[in-house]
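Trainee: Sequence and predicted structure below; questions after.
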Amino acid sequence: MSIAKNLNTIKATLPEKVTLVAVSKTKPESDIMEAYNTGHKIFGENKVQEMTKKWEELPKDIEWHMIGHVQRNKVKYMAEYVTLIHGVDSVKLLKEINKQAKKYDRQIPCLLQVHIAEEDTKFGFDESEIKELVSSDEFHQFENIKITGLMGMATFTDDKQQIKREFQSLNQLFQNLKSEFPDLSILSMGMSGDYKIAIEEGSTMVRIGSSIFGKRNYQ
Ligand SMILES: *Cc1c(COP(=O)(O)O)cnc(C)c1O
């Protein structure tokens with residue numbers, strides 16, 4: 001198996017408007033460098049400490065995306081450098097990101113995570129909460145945050161129709177909000193197992209790990 005080959009093969013199939021986030025969580029820096037040396041610069045991690053260590057040690061032109069659930073007390077470690085936070089799932093977290101971003105005088109791009117899956121283990125706002133949030137006064141006070149889109153994860157199932165329906169509902173919400181907030185441009189949906197369906201249903205950003213780097217070993 002070659003990481004470079006996997007990456008290039010997947011990239012060749014993606015429509016031009018779809019951005020690939022290479023999900024490198026749990027993988028060693030040598031694997032990331034193999035991908036980086038093909039010219040790829042966008043990587044996703046789901047643990048702040050692991051991402052920060054990699055940021056410190058790897059080339060500085062890498063764009064680091066936080067794709068996992070974020071604990072508020074960890075935001076300070078990535079506020080200096082993170083390129084996009086995908087999994088923003090509470091107002092408390094928005095407040096903390098805003099506060100930490102201010103310290104670096106930057107505006108951190110964030111996606112609001114929407115709960116579309118059947119499982120209740122997945123984090124995120126539901127549709128009515130998102131609508132309420134974006135129309136609240138509070139929401140527009142976060143000067144050091146730029147909400148650039150939505151992120152969602154489909155149910156972990158073999159039922160392709162269900163996955164399709166869930167991605168469709170997220171895209172519908174995205175299109176609705178976009179008519180009101182034209183700055184929204186990113187719809188982050190799709191992983192190794194379901195990114196083709198996600199792209200058919202309007203994804204503009206896919207997060208692919210195992211199909212590039214191989215299976216993860218979590219021990
Ligand atoms: C791990 C992870 C991915 C990538 O999963 P693969 O199935 O390995 O492609 C995508 N998104 C999130 C939020 C993840 O945690």
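Mentor: Thanks, I have it.
Trainee: How confident was the prediction at the residue nearest the centre of the chain?
Mentor: Among the residues of the chain, His86 comes closest to the average C-alpha position under C-alpha atoms, centre = their mean, at 3.4 Å. Predicted confidence (pLDDT) for His86: 98.
Trainee: repeat for Glu118
Mentor: 83.
Trainee: Surely it touches Phe156?
Mentor: No. Using C-beta atoms under 8 Å as the test, Glu118 is too far from Phe156 to be in contact (9.2 Å). (C-beta placed from N, C-alpha, C; glycine too.)
Trainee: And the helix ranked longest in the chain, how far out from the chain middle?
Mentor: Longest helix in the chain by number of residues (criterion: DSSP state H): helix 160-180. Taking the mean of its C-alpha atoms, helix 160-180 sits 16 Å from the chain's own mean (C-alpha atoms, centre = their mean, to the nearest Å).
Trainee: Let me know the next secondary structure element after the helix or strand of the chain with the lowest mean pLDDT.
Mentor: For the chain, counting by mean pLDDT, DSSP states H and E, helix 127-134 ranks last in confidence among helices and strands (a mean of 91). Using DSSP states H and E, the helix or strand that follows helix 127-134 towards the C-terminus is strand 145-152.
Trainee: quick one: contacts of that following strand?
Mentor: 67, 84, 86-87, 94, 97-98, 101, 107-117, 124, 130, 134, 166-167, 170, 173-174, 177, 181, 183-189, 204-205 (C-beta atoms under 8 Å, 6 or more residues apart in numbering).
Trainee: out of the residues you listed, which are buried?
Mentor: Neighbour counting over those (16 or more other C-beta atoms under 10 Å) leaves 67, 84, 86-87, 94, 97-98, 101, 108-117, 124, 130, 166-167, 170, 173-174, 177, 184, 186-189, 204-205 as the buried ones.
Trainee: that older thread, pretty sure the residue nearest to the centre of the chain is in a strand, no?
Mentor: Yes. Assessed with DSSP: H, G, I helix; E, B strand; the rest coil, His86 lies in a strand.
Trainee: Look up how far Ala12 lies from it.
Mentor: 24 Å (C-beta to C-beta, to the nearest Å).
Trainee: Equivalent analysis for Glu138, please.
Mentor: In terms of C-beta to C-beta, Glu138 sits 44 Å off from Ala12.
Trainee: show me which of the buried ones among the contacts of strand 145-152 neighbour the ligand.
Mentor: Ile67 (C-beta under 6 Å from any ligand atom).
Trainee: interface residues of the chain facing the ligand?
Mentor: Counting by C-beta under 6 Å from any ligand atom, the positions of the chain adjacent to the ligand are 23, 25, 46, 67-68, 153, 191-193, 207-211.
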